[in-house]
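K.L.:
Give me a model of this one.
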Amino acid sequence: MPQSVASATYGPIFIGVVFNVLLYGVTITQTYIYFTTFKKDRIRMKAFVGLLLLCDTVNCAFDITFLYTALVTNFGNVSALTTATWVFATDAAMTAIIGSLVQLFFAWRVQVLTNNTLAVVVIAACAIIQLLGGIGSSIATGMIPEFVEFRRFKVIVIIWLSFSAMADCLITIVLVGYLRRHKTGFGPIDDFVDKIIRITVQTGLITALCAIVNLVLFLASPTGLHLIFNLPLSKLYTNSLMSSLNSRAGWNFGSPGSGGDGGNRRNFGVRTVEASQMTPSEVYVEVESHQMVDVVDAKGVYPPEPALNTHGYSKRSVVLTAGSAPSPRS
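P.N.:
Predicted coordinates for the structure are as follows:
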């Protein structure tokens, strides 16, 4: 029954590998944009992005190797179609490693923004548990390589994918809730915060939804249908992070051509002035940009209490004039 095996198992694998390769191309593009745009980012951040690219490259190469070996090298060998090799077994572990790295990065971001230690601990715990679940799934695949027997270790797969989705949802909920509570009431600033909220929801829920669909199909269908969503999952995690990092090019305040974004700055209706030029009718806002651009509560208090707090490589004072359009100072 080689044709039925190929259609039931290798059909979804082939589609999943195609999506994996396509998203890998997006990852390369995103990484190129990052390294050419944010040249002043810290070395450790650049190393982190490079590590993710390396992991994605290895994962993509292993998936292609498995597909080629099964369908080309072992063409006509029915037993080769029914069992997974160690190359295929690495997919779950690589996906879990990449996912946990991204989730721990966002956990750090939650700590920087909110100082909510409890939320950070829960997110980090979910990320570590899903990492262990992914590694356990790879070990189980090596021990039970027959595709039809994969559901025998469904418990460890449930742990892996459910905690992965839980971490993504927690990150999204905490960040969105915090940003919504710290809107200032000023149109340009609130538009800027809404942009961050949209990107946070899009990047967080895509990975969570993919993990959930992957788990549901794994439990509901004895075929390999879930592999359509499983194989590209690692690339979705990397692209969610790179999308968040590269979006900073359009978030910066101030005049074009300054800072570490290659001159890609947009003016959101605010003007840059020195702190000594403030007048009582204006609101002082301090902006730092690194992992994201920060705004503060417009309470009329100087110095203000930061609503968003990140580690930046550029720092400037911004003044918003209430009730009138901003105009440049001489």
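K.L.:
residue ranges with poor pLDDT in the stretch 151-300 of the chain?
P.N.:
Where the stretch 151-300 of the chain drops to pLDDT under 70, the residues are 250-300.
K.L.:
can you give me the helices in it?
P.N.:
154-181, 187-220, 227-230, 233-246 (DSSP state H, counting those that start in this stretch).
K.L.:
Alpha carbons only: can I get the third one in PDB?
P.N.:
Listed in PDB are the C-alpha atoms of helix 227-230, where the atom choice follows Å, rounded to 0.1, in the frame of the first residue of the first chain:
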ATOM      1  CA  LEU A 227       2.400  18.000  10.000                       C
ATOM      2  CA  ILE A 228       1.200  20.700   7.700                       C
ATOM      3  CA  PHE A 229       1.200  23.000  10.700                       C
ATOM      4  CA  ASN A 230       3.900  21.300  12.700                       C
END
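K.L.:
elements contacting that helix?
P.N.:
If you count contacts as 3 or more Cβ pairs under 8 Å, 6 or more residues apart in numbering; DSSP states H and E, helix 227-230 packs onto helix 11-37, helix 86-114, helix 187-220. In this view, the C-beta of every residue, glycine as well, is placed from N, C-alpha and C.
K.L.:
how about the shortest one: buried residues?
P.N.:
Under the neighbour-count criterion of 16 or more other Cβ atoms under 10 Å, helix 11-37 has 11-13, 15-17, 19-20, 23-24, 27, 30-31, 34, 37 buried.
K.L.:
What pLDDT does the model give residue 79?
P.N.:
With respect to pLDDT, residue 79 scores 74.
K.L.:
for the one 3 residues further on, same thing?
P.N.:
Per-residue confidence for residue 82 comes out at a pLDDT of 81.
K.L.:
In contact with it, which residues?
P.N.:
Under the criterion of Cβ atoms under 8 Å, 6 or more residues apart in numbering, the neighbours of residue 82 are 5, 9, 146-148.
K.L.:
now swap in residue 74 and tell me
P.N.:
Residue 74 neighbours (Cβ under 8 Å, 6+ apart): 80-81.
K.L.:
do that again at 10 Å, thanks
P.N.:
Residues counted as contacts of residue 74 (Cβ atoms under 10 Å, 6 or more residues apart in numbering) are 68, 80-81, 85.
K.L.:
Farthest pair within those?
P.N.:
68 and 81 (13.5 Å; Cβ to Cβ).
K.L.:
Looking at these two, which is more packed in?
P.N.:
Taking other Cβ atoms under 10 Å, residue 68 and residue 81 do not tie; residue 81 has more neighbours (21 against 13).
K.L.:
Secondary structure element for the more buried one, which one?
P.N.:
Using DSSP states H and E, residue 81 maps to helix 78-82.
K.L.:
Mind exporting the C-alpha coordinates of that helix to CSV?
P.N.:
What follows is helix 78-82, C-alpha atoms only, in CSV (Å, rounded to 0.1, in the frame of the first residue of the first chain):
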residue,chain,number,x,y,z
VAL,A,78,7.7,0.6,1.4
SER,A,79,9.3,0.2,4.8
ALA,A,80,11.1,3.6,4.3
LEU,A,81,7.7,5.2,3.8
THR,A,82,6.3,3.9,7.1
